[in-house]
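Colleague: next input, structure requested:
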Amino acid sequence: MWFSSVFGSIFSTGKPTSPVRTYSEGLVAYKSGQYTEAVAGLRPYAEKGDALAQLTLGNMYKNGLGVPKDLEQAAHWYRKSAMQGDADAKFSLAMMYMRGGGVTGDKTQALDWLKDAAAQGHRQARLAYDYITREEYQNVR
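Modeller: Next up, the predicted model:
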């Protein structure tokens with residue numbers, strides 16, 4: 001009974017009945033596509049230094065989910081998360097440096113972030129790093 005009274009209205013309408021106030025509510029809102037509510041729930045935690053909240057806000061700004069699309073803000077949040085060691089944030093920031101979106105294109109920075117993420121076991125980062133460095137080696141010969 002308690003579960004259905006608390007969660008029933010969320011699942012029946014797809015929308016929370018009250019503002020998102022906690023970290024977990026922010027993640028649930030994000031995963032269910034309620035992006036405006038997710039921003040409200042996650043931003044305070046991102047500002048306090050939570051790496052996952054920072055990564056999620058970076059993704060939201062990159063894709064314009066619940067906020068206007070803003071690649072500079074995406075890079076800002078990715079960098080904060082990456083500085084705390086989040087491999088996904090390192091990879092995302094590296095891709096921004098490769099493409100020059102939200103940051104000035106900088107292949108050296110991109111390779112540094114890719115190398116760090118790859119060292120943590122991030123598969124996409126490893127593949128990208130290997131591809132780029134192999135390509136550069138072939139161009140030198």
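
Colleague: just how off-centre is stretch 75-93 within its chain?
Modeller: Distance of stretch 75-93 from the chain centroid (CA atoms, centre = their mean, to the nearest Å) equals 7 Å.

Colleague: and the longest helix belonging to the chain, which residues are buried?
Modeller: Longest helix of the chain, by residue count under DSSP state H: helix 123-140. Residues Gln124, Ala125, Arg126, Ala128, Tyr129, Ile132 are the ones in helix 123-140 that count as buried (16 or more other CB atoms under 10 Å). Just so you know, the C-beta spots here come from the backbone N, C-alpha and C atoms, and that holds for glycine as well.

Colleague: who's in contact with the fifth one?
Modeller: Right, the one you point to is Tyr129. Residues in contact with Tyr129 (CB atoms under 8 Å, 6 or more residues apart in numbering) are Leu111, Leu114, Lys115, Ala118.

Colleague: tell me the secondary structure at Thr104.
Modeller: Secondary structure, DSSP: H, G, I helix; E, B strand; the rest coil: Thr104 is coil.

Colleague: how close does Gln54 get to Tyr78?
Modeller: Look at Gln54 and Tyr78: by CB to CB, to the nearest Å, they are 8 Å apart.

Colleague: the two: which is more packed in?
Modeller: Between Gln54 and Tyr78, Tyr78 has the larger neighbour count (other CB atoms under 10 Å), namely 30 against 27.

Colleague: hmm, Leu93 and that one touching each other?
Modeller: Yes. When contacts are counted by CB atoms under 8 Å, Tyr78 is listed as touching Leu93 (4.3 Å).

Colleague: common neighbours of those two, please.
Modeller: Between them, Tyr78 and Leu93 share no contacting residue, judged by CB under 8 Å, 6+ apart.

Colleague: run a quick neighbour tally on Gly28.
Modeller: Heads up, residue 28 is Val, not Gly. Neighbours around Val28, by other CB under 10 Å: 18.

Colleague: so who does the residue nearest the centre of the chain touch?
Modeller: The C-alpha lying nearest the average C-alpha coordinate of the chain belongs to Leu55 (CA atoms, centre = their mean; 3.1 Å). Shown in contact with Leu55 (CB under 8 Å, 6+ apart): Trp77, Tyr78, Ser81, Asp86, Asp88, Ala89, Ser92.
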